[in-house]
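>>> Next come a sequence and a model predicted from it.
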Amino acid sequence: MARTDFIDDPSAPAINSVVPSVVAIVQDDRGRVLMIHKTDNDKWALPGGGHEPGESIADTVVREVREETGYEVEVETITGTYTNPNHVIQYDDGEVRQQFSIAFRAQLVGGVKQTSSESDEVEWLTPEQIEGLDLHPSMRLRLEHALSDSDRPFIG
């Protein structure tokens, strides 16, 4: 399903839903970050997605990483919450969603790299390699906060 993101855009369509979602910041022992190339917006991103009924938010992180990358992770901590009402996501099925995302640091515990219908590439990349990628600004913000030296999660 295709999507269009609007940030601080007065022409953005009216919001008709809010869906909690997650992203996972997973680093290997060399400091590389697990990244995916998304099929819905042709951009690089952290693995993640929407919370589903009947699961804990930590279970959402584990499921989304497994579905999009093939890897198994354990959640360690929250690195930030992102609820900007001026970040609107429009899907081609008519849903117009306000951003509501929780970023988590997670540790790799197993699995084998694989792509999915949502990710056509899965890579371990250095922060320097990530700088040159086409990422949505909101994804860069999550990475910046997660990779900073701050021990306090971002709330915004």
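Yep, it's here.

>>> Mind listing what's buried along the host helix or strand of Arg66?
Using DSSP states H and E, Arg66 sits within helix 57-69. With burial defined by 16 or more other Cβ atoms under 10 Å, the residues of helix 57-69 counted as buried are Ala58, Thr60, Val61, Val62, Glu64, Val65, Arg66, Glu68, Thr69. Quick note: C-beta positions are derived from backbone N, CA and C, even for glycine.

>>> List the contacts of it.
The contact list for helix 57-69, computed with Cβ atoms under 8 Å, 6 or more residues apart in numbering, reads 20-22, 24, 26, 34, 36, 47-52, 55, 71-75, 102, 104, 106, 111, 113-114, 116, 118-119, 122.

>>> ditto for stretch 78-88
Outside stretch 78-88, the residues that reach it (Cβ under 8 Å, 6+ apart) are 5-9, 12-13, 15, 25, 96-105, 138, 141-142, 145-146, 153-156.

>>> Please, where are all the helices along this structure?
Counting by DSSP state H, the chain has helices at residues 57-69, 127-131, 137-147.

>>> Redo those as CSV? Include mean pLDDT and distance to Gln90.
Below are the helices of the chain laid out as CSV (pLDDT from 0 to 100; distance: least, Cβ to Cβ, whole Å):
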stretch, mean pLDDT, distance to Gln90
helix 57-69, 98, 21
helix 127-131, 96, 26
helix 137-147, 94, 14
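
>>> Out of those helices, the one nearest Asp42 is which?
For the helices of the chain, proximity to Asp42 was assessed by Cβ to Cβ; helix 137-147 is nearest, at 13.1 Å.

>>> quick one: the residue lying closest to Gly48 once chain neighbours are set aside from Arg105, how far?
Among residues not flanking Gly48 along the chain, Val23 sits closest, at 3.5 Å (Cβ to Cβ, 6 or more residues apart in numbering). Counting by Cβ to Cβ, to the nearest Å, the gap from Val23 to Arg105 is 10 Å.

>>> Phi first, then psi, for Arg29.
Quick fix: residue 29 reads Asp, not Arg. Main-chain torsions, Asp29, degrees, to the nearest 10: phi -70, psi -10.
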